[in-house]
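> Sequence plus the predicted model coming up.
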Amino acid sequence: MKYKDKGECMILKIFDDEQCDDLQFNNLKIIQKKDGFKFGMDSVLISNFASKIKDNALVADLGAGTGIISILIAAKNNVSKVIGFEIQEEMAEMAQRSVEYNGMTDVVEIKNMDLVGISRTEYKKMFDVVITNPPYKKVNTGIKSDSKKKLISRHEIKCTLEDVIYEASQILKDYGVFYMVHRPDRLADIIELMRKNKVEPKEIQLVFPKERKEANLVLIKAVRLGKPYLKVLEPLIVYDQNDKYTTQLIDFYGKFD
């Protein structure tokens, strides 16, 4: 897409508890809380995994958070629009400022809205593509954060895995595409819930921090009403034995400093 370079982040209001970070792609920036939830490699990887989005597609980003996925999808694809749904008002407002800074208001919209129930609105069967980086952890599992915002971002407090998959299936057009990043230990649940909701897994790629380490992420592509056929892609290795990014990751992820 085409967008106007806004220059330095200080053009927009940046609060004392916020920072402005470089996305290392086309001078894009993202506003984040200094001590709050920040985007990780998983968000960038799923944005790149969704690399074959058709021209003029309408895209939904469920659980938009800082807006990182919405912004990268719009920047790297010729979409008609990306609508990011984020339940946390402060997070949604911050994401919208990032959209404004990057000159993307014509193609990216952040809505402060609960993703649970959006299928009962005008968005039912509206989207060509749905993409999500949902909370990974079940309630009452994992290390608890002192921050309520971090808890909501990381734990299934406001929505469960089933909620996300159900809503995605309902707002997708027939044969629309669903992209998700999650943890490999939830893969059996993901496939079961996708098939229950008529979203057929088509491609899976496991992400490993290093060779001979356990996978810590899984990237999934699925199609609503798709025929059963699952392709397992080549594993993606993040670091080599010298703790440097692998050539494979650099090619996949984009440009690093």
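Here it is on my side, so go on.
> Where does Val59 sit: helix, strand or coil?
strand (DSSP: H, G, I helix; E, B strand; the rest coil).
> OK, contacts around it?
Val59 sits next to 53, 70, 73-74, 77, 79, 81-83, 127-131 when contact means Cβ atoms under 8 Å, 6 or more residues apart in numbering. Heads up, the C-betas are built off the backbone N, CA and C, glycines and all.
> and if you look at Leu72?
By Cβ under 8 Å, 6+ apart, the neighbours of Leu72 are Leu23, Phe25, Leu28, Ser43, Val44, Ser47, Asn48.
> one step back: let me have the contacts of Val59 in TSV, extended by secondary structure.
Formatted as TSV, those follow (three-state DSSP):
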residue	secondary structure
Ile53	coil
Ser70	helix
Ile73	helix
Ala74	helix
Asn77	coil
Val79	coil
Lys81	strand
Val82	strand
Ile83	strand
Phe127	strand
Asp128	strand
Val129	strand
Val130	strand
Ile131	strand
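> Which residue ranges of the stretch 51-200 of the chain form strands?
Applying DSSP state E, counting those that start in this stretch to the stretch 51-200 of the chain gives strands spanning 58-62, 81-86, 108-112, 127-132, 172-182, 199-208.
> and the angle for the longest one with strand 199-208?
Using axes from the mean of the first three to the mean of the last three Cα atoms, to 10 degrees, the direction of strand 172-182 lies 20 degrees away from that of strand 199-208.
> other SSEs contacting the longest helix anywhere in the chain?
Ranked by residue count and defined by DSSP state H, the top helix of the chain is helix 89-101. Packed against helix 89-101 by the contact rule (3 or more Cβ pairs under 8 Å, 6 or more residues apart in numbering; DSSP states H and E) you find strand 29-33, helix 68-76, strand 81-86, strand 108-112, helix 148-154.
> Can you say which of the ones you listed is nearest to Lys221?
Smallest distance to Lys221 across the helices and strands packed on helix 89-101 (Cβ to Cβ): 13.9 Å, for helix 68-76.
> Relative to Ser169, which of the contacts of Val59 is nearest.
So of these, ranked by how close each gets to Ser169 (Cβ to Cβ), first place is Val130, at 8.6 Å.
> which residue ranges form the helices in the stretch 101-250 of the chain?
For the stretch 101-250 of the chain, the helices defined by DSSP state H, counting those that start in this stretch occupy 148-154, 161-171, 187-196, 247-253.
> Make TSV from these and add distance to Ile110 to it.
Formatted as TSV, the helices of the stretch 101-250 of the chain follow (distance: least, Cβ to Cβ, whole Å):
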stretch	distance to Ile110
helix 148-154	15
helix 161-171	16
helix 187-196	26
helix 247-253	24
